[in-house]
Structure formats: structure tokens, C-alpha cells
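Engineer: prediction below, plus the sequence it came from.
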Amino acid sequence: MHGTENPSAWLQRWAHLIAPGSTVLDVACGAGRHMRYLATLGHRVTGVDRNPEAVALAQGSGSVICADIENGPWPFAGQTFGCVVVTHYLWRPLLPTLVGSVAPGGVLIYETFAVGNESVGKPSRPDFLLQPGELLRVTEGLRTVSYEDGFETSPDRFVQRIVAVRSGPTEAFERRPLHPA
């Protein structure tokens, strides 16, 4: 089941940018692999997924909501988070909402499959594959800290990833370290 494997290496690499004790939203959280990891770092974690079995497994790591975010209302209307995490999930109509859910000074950590993945496996439908530069375009209102778009092995897949921050009141010269201290 999605969410039982180890946390994403991309998330682990960039989690140091999340302010201590932040509220974190894990979108399409599955069984909660990222929720568990972020909770151990001291964050208050909320997950959302439409699969009741996955939600049941994720509950020990924070607050979890079972909701169909593609066909129902956004369960976090008006709320912002110190970090929004999305991995292996793409629903284009929700992208502006996800970016808008990042609080001032907060971080968006996003990674999913990209065009080209259809040549090596699933997902293969264009609806589930990011176009070249798509995450850069969607996050134009945020400051990009890191971005990758390409092919990797083990397993073979085409991915696109971004870490982006929303400017806060003291953002002008805030240092965003590329590696944890």
C-alpha cells in the first residue's frame, strides 16, 4: 500500500527548511510514511487521503482526514501550513489550492512523475504526468530553492520535483541552506 515505504529522499533532503514545530499538510498521504517521518522531527502533521484503509494506518502519526479531494470540497479551505508535502500525486485543478496553502515563510515540497514515464512504466496516462517545467510555472508566486526534472534509475522513472518557499515578512535576506546544518 502507498505510504508504507520509506520517506521520500527528496523530502528527507529538504525537511530542514521546515521551521521547527510547523504545521505540515501531507496531501494524498497514503498510509502516512511522510507523516511519521515529519512527526519524528517535531512537526504537527495532518494528512489527507481518500482511501479509508490508508487513513486508518496513518492515524498514529497525526491528524488524518479521509476525503476525496478530486471530487469533493477542499477540507482545508482558508487554512495555511508551514509545509505542504505532495509525492506521487497530481490533480491539476488542485495545484493552485496547494500552492495557496503554503503559509508565509512556509515550504512546498512536491515530487511526482513526469512526461517520459510512460516509456518505462506506470503511471503512463498524460493526466498523471507533469509537462516539462510545469511545477515551475505553477509555483511562480513562490521562491524556488531547488528543482529537478529528469530521469532516474532504481526504479527507472521520469520525475519532476520542486522545493519552493513563500516569502515571509523577513524574507529579503533569509538564508535557505542547501544542506542541513
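Structural biologist: Thanks, I have the structure now.

Engineer: C-terminal to the longest strand along the chain, what's the next element?
Structural biologist: Counting residues, the longest strand in the chain under DSSP state E turns out to be strand 102-113. Next helix or strand after strand 102-113 toward the C-terminus (DSSP states H and E): helix 134-138.

Engineer: what lies in contact with that following helix?
Structural biologist: Helix 134-138 has contacts (C-beta atoms under 8 Å, 6 or more residues apart in numbering) with Leu95, Pro96, Val99, Tyr110, Thr144, Tyr147, Asp149, Gln160, Arg161, Ile162. C-betas here are computed from N, CA, C, even on glycine.

Engineer: report the angle between the next helix or strand after it and strand 102-113.
Structural biologist: Next in sequence after helix 134-138, counting helices and strands by DSSP H and E, comes strand 143-152. Strand 143-152 and strand 102-113 are oriented at 10 degrees to each other (axes from the mean of the first three to the mean of the last three C-alpha atoms, to 10 degrees).

Engineer: what pairs with strand 143-152, parallel or antiparallel?
Structural biologist: When sheet partners are counted by DSSP bridges, strand 143-152 sits next to strand 157-165 (antiparallel).

Engineer: just the CA atoms of the lowest-mean-pLDDT helix or strand in the chain, as PDB, please.
Structural biologist: When the helices and strands of the chain are scored by mean pLDDT, DSSP states H and E, helix 52-58 comes last with a mean of 92. C-alpha atoms of helix 52-58 as PDB (Å, rounded to 0.1, in the frame of the first residue of the first chain):
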ATOM      1  CA  PRO A  52     -10.100   4.600   4.400                       C
ATOM      2  CA  GLU A  53      -7.600   1.700   4.900                       C
ATOM      3  CA  ALA A  54      -4.600   4.000   4.300                       C
ATOM      4  CA  VAL A  55      -6.100   6.700   6.600                       C
ATOM      5  CA  ALA A  56      -6.500   4.100   9.300                       C
ATOM      6  CA  LEU A  57      -2.800   3.200   9.100                       C
ATOM      7  CA  ALA A  58      -1.700   6.800   9.100                       C
END
